[in-house]
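1. Kindly generate the corresponding structure for this input.
(chains A and B)
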Amino acid sequence: MKNKEIRIALTGNPNSGKTTLYNALTGKNERAGNWAGVTVDKRESALKNTYAAGNKVIAIDLPGAYSMSPFTSEESITSDYVKNAEIDVLVNIIDATNLSRSMFFTTQLLELGIPVVIALNKSDINSKKETIIDIEKLSKQMNCPVVSTISTSGTGLQELVKNAIAVVGITQKAPYTQAKINLADKQEVVVADRQRFSFVNSIVSTVETRKVLTSDKNSQDKLDSVLAHKWLGIPIFAVVMWGVFSISQTYLGPYIADYLVGYIESFGAYVGTLVEGASPFLQSLLIDGIIGGVGAVVGFLPLVMVMYFLIALLEDCGYMARVAVVMDRFFKKVGLSGKSIIPMIIGTGCAIPGIMASRTIKNERERRTTAMLTPFMPCGAKLPVIALFAGVFFEDASWVGTSMYFLGIALIILGALLTQKITGTKYRKSFFIMELPEYKMPSIKAATLSMLDRAKSFIIKAGTIILLCNAIIQIMQSFNWQLELVAEGAEQSSILASIASPFALLFVPLGFGVWQLAAAAITGFIAKENVVGTLAVVYGITNFIDTEEKVLVGGSSDVASVMGLSAVAALAYLIFNLFTPPCFAAIGAMNSEMQSKKWLIGGVSLQLGVGYVAAFIVYQVGTLFTTGTLGDGFFFGLVIVVVLLSIVGYLIHKGNKSIKDTSLNKY
Amino acid sequence: MTLAQGSIGNSYIVESISNQDDELTDFLFTLGCYAGERISLISQISGNLVISIRDGRYNIDKNLAELIQVIE
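-> Predicted structure coming up:
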């Protein structure tokens, strides 16, 4: 037994705590959320030795399922896997607060012959509500071990694993066996399933005693009636997000960042003294290009970390499910449903898992539209860009972030409307059902872990792709096409300037038609942090977060004057960067979820078009308001906008035709 | 009557589910929402209904509530 690998599959209803349990058992840091459908694919890892106790144990985390008969694509992953893969033990995680629903799936698992161990999870919530489950009786009736667990604190996990290892090799006896029926006959299946449910009911009534009924009104409902109020819901959400941006970008974030930037600067200076004798080009490549560029991005790390921490808290406490309810109304009007909101909320951290989460949406058009629009949410990589512009050009940093967040939502709704209109999809009645998780105190530990994990990937990204891009940018701006070093003051002749200048022309109507800004925007398509890194390199600025109090009082005018942008043009530049495609990786994720090249091209074009048009409108209208005249290149820009709109429209229209074809094949 | 016509605070017995979509009906079934089961209308938020089926709380929209036929 000692040498054989033991494979344990974690199964259970959505939001029963499988991923939290998986993370606790394996020491991994997979994304968990207090709502259904966060896990959309299976993953596996070895157990920590504190639990495995010398055995080689592999835990497999599966998407949540309510039943072995799959209704959603995540559910079919689960049932296929459980039926076909070599599994030694099934750990069935039951949400102890909803025993009567969870056990339907449990009785199905028990019929497979694979040994089952039941983890009665969330037992802490039960004890709070004085719901008592007779574990011994339940175990006897189910013919399998039952362990009470709290996956958020790790309580009961030792015992769970011990029990799981002990049952390896046993053939599970089923407490309930479905009569032989013709599975193709819908009616027979319904009758059999009802019999199963009545068996479950009879068990639950003997093992569970409840003091508080779920159907009773409680304090949660009072909270719901405010937080998910028809009209107050959105303003409250806006205040919450303002709080998040305010803490992460105006108060706590910059406070920590000050220290970090100080260290980075002195590190740069120290390295400078070491390489004093080297050639000036190599010196500037190392100091300005690599340390300066990467340092400028890493300087924003504390702001990003604080934001990730706060968002993890929000997700954990159950509030985000209410946001989905509030938004359902608006999304329905544009052919999406509240289901599309979950990918978008996840996309606030990083667009890639957000796009992947769109998989849970069954309707193909809805799913593709969601994958296409999710990148409009400001992700963690965009945060340094927001923070930079808010800090340099606008005195109060937090309204900028909050308004960009809601502008993102508005553009998503607009984009969905556009897609719906162009694809000519007829009105389809959609149905919305979403489990409302109970509000709970968010776990500081889980939020900290999630924050550290994301910080790690931020640093890795800064040390690899961002570093490489900055080095290339530095080289390209140091040399001209004859591969001679560019003289001071003749930067216009550099390779970088000559490549970026034609693009800069396109940006004249947006208010930022200079090659430096164009170069930064273009590198931003590879990864958004590059915008900050490239700006640092091309303008030779190392410190974007002022170590003095300057940022808070007057805007750091030195950085602003170097860039030579008006506040309106800066806002337009920010908007252009936020609402054009976020990074290569996100485009890759869109490609794999959309499963259609035409949709992908349409989607990326839409993002480019929306970014361009939004920046154009902000710059031109803003300039008209502030100076009384239209901005530069208005008519040129207008022509581009009109051409862009028609191209995007045409491409999505083509994509729609292919949808119609595939849906014809499917049904 | 349909669940959409029910009044907040009452509980009803599901009579039938108008079958618009097999998958949806099956999904409701796994939650424990099928003929003969009890369903409670807890509150209304943002134009949607909060219901409880077994020991779970769900938010459903009016479109869905209209498919669920209930009796007192």
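
2. Just the mean pLDDT for stretch A:635-654, thanks.
-> For stretch A:635-654, the mean pLDDT works out to 80.

3. Pull up the distance across stretch B:25-44, start to finish.
-> Criterion C-alpha to C-alpha, to the nearest Å; first-to-last residue distance in stretch B:25-44 is 22 Å.

4. Name the residues of it that are buried.
-> By neighbour count on 16 or more other C-beta atoms under 10 Å in any protein chain shown, the buried set for stretch B:25-44 is B:25-34, B:37, B:39-43. All C-beta spots, glycine's among them, are computed from the backbone N, C-alpha and C.

5. Next: stretch A:487-498.
-> Those buried within stretch A:487-498 under the rule 16+ other C-beta under 10 Å are A:Glu491, A:Ser494, A:Ile495, A:Leu496, A:Ala497.

6. what's near enough to touch A:Leu411?
-> A:Leu373, A:Phe376, A:Phe579, A:Val610, A:Ala614 (C-beta atoms under 8 Å, 6 or more residues apart in numbering or on different chains).

7. Go again with 7 Å.
-> Residues near A:Leu411 by C-beta atoms under 7 Å, 6 or more residues apart in numbering or on different chains: A:Phe376, A:Phe579, A:Val610, A:Ala614.

8. measure B:Ser11 to chain A for me?
-> 6 Å (C-beta to the nearest C-beta, to the nearest Å).

9. Look up which residues are beta-bridged to that residue.
-> Counting by DSSP bridges, B:Ser11 forms beta bridges with B:Ser40.

10. would you list every one of the helices in chain B?
-> Under the criterion DSSP state H, chain B carries helices at the ranges B:22-31, B:62-65.

11. Show me what counts as buried in the last one.
-> So the one you mean is helix B:62-65. Buried, per 16+ other C-beta under 10 Å, within helix B:62-65: B:Asn63, B:Leu64, B:Ala65.

12. Then stretch A:55-68?
-> Using 16+ other C-beta under 10 Å as the test for burial, stretch A:55-68 gives A:55, A:57-68.

13. where exactly do the strands run in the chain?
-> Here I'm looking at chain A. With DSSP state E as the criterion, chain A has strands at A:5-12, A:43-46, A:56-61, A:89-95, A:116-121, A:132-133, A:146-148, A:208-209, A:433-435.

14. my question was about chain B
-> Taking DSSP E, the strands of chain B run over residues B:11-17, B:38-45, B:48-53, B:56-60, B:68-71.

15. Format these as TSV; extra columns: mean pLDDT.
-> TSV is the format used below for the strands of chain B (pLDDT from 0 to 100):
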stretch	mean pLDDT
strand B:11-17	92
strand B:38-45	92
strand B:48-53	92
strand B:56-60	91
strand B:68-71	93
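
16. Kindly state which of these is positioned closest to A:Asn163.
-> Taking C-beta to C-beta, strand B:56-60 is the member of the strands of chain B nearest to A:Asn163, at 26.9 Å.

17. Please name every helix or strand in contact with the closest one.
-> strand A:433-435, strand B:48-53 (3 or more C-beta pairs under 7 Å, 6 or more residues apart in numbering or on different chains; DSSP states H and E).

18. Near chain A, which residues of chain B? Just list them.
-> B:11, B:23-24, B:26-27, B:29-32, B:40, B:42-43, B:45-48, B:50, B:52, B:54-61, B:63-64 (C-beta under 7 Å from any C-beta of the partner chain).

19. how about 6 Å then?
-> With C-beta under 6 Å from any C-beta of the partner chain as the criterion, chain B meets chain A at residues B:23-24, B:26-27, B:30, B:32, B:40, B:43, B:45-48, B:52, B:54-61, B:63-64.

20. picking that back up, can I get the strands of chain B in TSV with distance to A:Tyr539?
-> Formatted as TSV, these follow (distance: least, C-beta to C-beta, whole Å):
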stretch	distance to A:Tyr539
strand B:11-17	64
strand B:38-45	50
strand B:48-53	50
strand B:56-60	50
strand B:68-71	62
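
21. Among those strands, which comes closest to A:Leu25?
-> Checking the strands of chain B against A:Leu25 by C-beta to C-beta gives strand B:56-60 as the closest, at 25.8 Å.

22. Tell me which residues touch A:Ile256, please.
-> Listed by C-beta atoms under 6 Å, 6 or more residues apart in numbering or on different chains, the contact set of A:Ile256 reads A:Pro302.

23. Which of the contacts of A:Leu411 fall in helices?
-> Those of those mapping onto helices are A:Phe579, A:Val610, A:Ala614, per DSSP H.

24. Any chance of CSV for these, columns distance to A:Leu468, neighbour count and pLDDT?
-> As requested, the ones in helices among the contacts of A:Leu411 are arranged in CSV below (distance: C-beta to C-beta, whole Å; neighbours: other C-beta atoms under 10 Å in any protein chain shown; pLDDT from 0 to 100):
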residue, distance to A:Leu468, neighbour count, pLDDT
A:Phe579, 25, 27, 94
A:Val610, 29, 24, 90
A:Ala614, 30, 21, 94
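
25. What is the nearest of the residues you listed to A:Val189?
-> Using C-beta to C-beta, A:Val610 comes nearest to A:Val189 of those, at 46.6 Å.

26. contacting residues for A:Ala586?
-> A:Ala586 touches A:Ala351, A:Ile352, A:Pro375, counting by C-beta under 6 Å, 6+ apart.

27. Go through these and say which is closest to A:Leu160.
-> Distances from A:Leu160 to those, taken by C-beta to C-beta, are shortest for A:Ile352, at 32.1 Å.

28. Show me how the record splits chain A into domains.
-> A:5-209, A:234-666 (automatic domain parsing).

29. Out of those, the one nearest B:Ile71 is which?
-> Of the domains of chain A, nearest to B:Ile71 by C-beta to C-beta is domain A:5-209, at 18.0 Å.

30. Report whether that closest one contacts chain B.
-> Yes - using C-beta under 6 Å from any C-beta, domain A:5-209 reaches chain B at A:Tyr66, A:Ser67, A:Phe71, A:Asn98, A:Ser100, A:Arg101.

31. and those residues, which two are the farthest apart?
-> Farthest pair in the residues of domain A:5-209 next to chain B (C-beta to C-beta) is A:Phe71 and A:Ser100. Separation: 19.2 Å.

32. contacting residues around the closest residue to A:Leu571 other than its chain neighbours?
-> Nearest residue to A:Leu571 in three dimensions, chain neighbours excluded: A:Val618, at 5.6 Å (C-beta to C-beta, 6 or more residues apart in numbering or on different chains). Taking C-beta under 6 Å, 6+ apart as the criterion, A:Val618 is in contact with A:Leu571, A:Ala572, A:Ile575.

33. Going through those residues, which ones are buried?
-> Among the contacts of A:Val618, the ones that count as buried by 16+ other C-beta under 10 Å are A:Leu571, A:Ala572, A:Ile575.

34. Among those, which lie within helices?
-> Assigned to helices by DSSP H, the following of the buried ones among the contacts of A:Val618 qualify: A:Leu571, A:Ala572, A:Ile575.
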